[in-house]
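# Curious how this folds, go ahead:
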Amino acid sequence: MTGSEVPPAFRLAYVPGVTPTKWVRIWNERLPGTPLTLVGVSAAEAAALLRDGGADAGFVRLPVDRTDLSAIPLYTETTVVVIPKDHAAAAVEEMTAEDLAEEIVLHPLDDPLDWERPPGRPAFERPATTEDAVELVAAGVGLLVVPQSLARLHHRKDLTYRPLTGAPESRIALSWPEEKTTDLVEEFIGIVRGRTVNSTRGRAPTPPQPKAKRAEKKSGAARKPAAGRTSRGGSGGGSGGAKTSKGGTKRGKPRRRP
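Predicted structure coming up:
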């Protein structure tokens, strides 16, 4: 490679809450000559980044417009309620949407959950971001419902969270521009789907081994009838010509009974 040549690179976007470490490690092991660059992006801007060529592929939150973007759903996250550690709900293992009926529930502008109707009582003003909403929970203003990964991302010692049943869930997917499904994108899809090195898409399958000639001869010999033998009840010629079907012509003279 000359000094003017630049090795190919792969740009991977990811939204808050996603931890791509495992997949990046496998990439570096399999393609050490192809650097992978991580690009952090908000959930609202992820699709536009992929369309504009800012990344080759990315971990996004569904739904995405699949008119020009391909997407492979990967997993669904648990929905949780972020609460102060001294809140009464900290004593229970999980909560329901009905448990939040009398609570002020913060609904940030970047909320990734698709609510038909958010639970609880609305706050006076919607926080701009999930991070801002977490700060308000710590200040005792209200509670917050988010995917579990975001609760972990914005963890504070004075806060905890509990699973919330009966609430929308957020799904994470690998997405990329459909018209730009390059070889590197295919390689990363294989890594995310758990393909091994030998089963990576595009590799030629190993041709089947030919059977031993001795086995073929043995198999062929078994199919040949034994010399001189005819099938029982058959019409083939043989020494037993006296045995004929009913109504047929007898051969030779009949034997006299003593």
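# Which pLDDT value belongs to Thr196?
For Thr196, the pLDDT comes out at 81.
# for it, phi and psi?
phi -80, psi 170 (degrees, to the nearest 10).
# Tally up the residues packed near it, please.
7 (other C-beta atoms under 10 Å). For glycine as for every other residue, the C-beta is placed from the backbone atoms N, C-alpha and C.
# now the strands for the stretch 101-250 of the chain?
In the stretch 101-250 of the chain, the segments counted as strands under DSSP state E, counting those that start in this stretch are 104-106, 121-122, 143-147, 159-165, 171-177.
# those helices in the stretch 101-250 of the chain, which residues are they?
Here the stretch 101-250 of the chain has its helices, by DSSP state H, counting those that start in this stretch, at 130-138, 148-153, 183-192, 213-222.
# out of the strands of the stretch 101-250 of the chain, deepest packed?
strand 143-147 (a mean of 26; mean count of other C-beta atoms under 10 Å).
# Run through this protein and note the low-pLDDT ranges.
When residues are selected by pLDDT under 70, those of the chain lie in 1-7, 199-258.
# how about 90 then?
For the chain, residues meeting the criterion pLDDT under 90 lie at 1-8, 195-258.
# picking that back up, which one of the strands of the stretch 101-250 of the chain lies closest to Thr130?
strand 143-147 (6.1 Å; C-beta to C-beta).
# Let's have the helices of the stretch 101-250 of the chain in JSON lines, adding distance to Ala89 and mean neighbour count.
Listed next are these as JSON lines, based on distance: least, C-beta to C-beta, whole Å; neighbours: other C-beta atoms under 10 Å:
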{"stretch": "helix 130-138", "distance to Ala89": "12", "mean neighbour count": "20"}
{"stretch": "helix 148-153", "distance to Ala89": "14", "mean neighbour count": "20"}
{"stretch": "helix 183-192", "distance to Ala89": "36", "mean neighbour count": "17"}
{"stretch": "helix 213-222", "distance to Ala89": "71", "mean neighbour count": "9"}
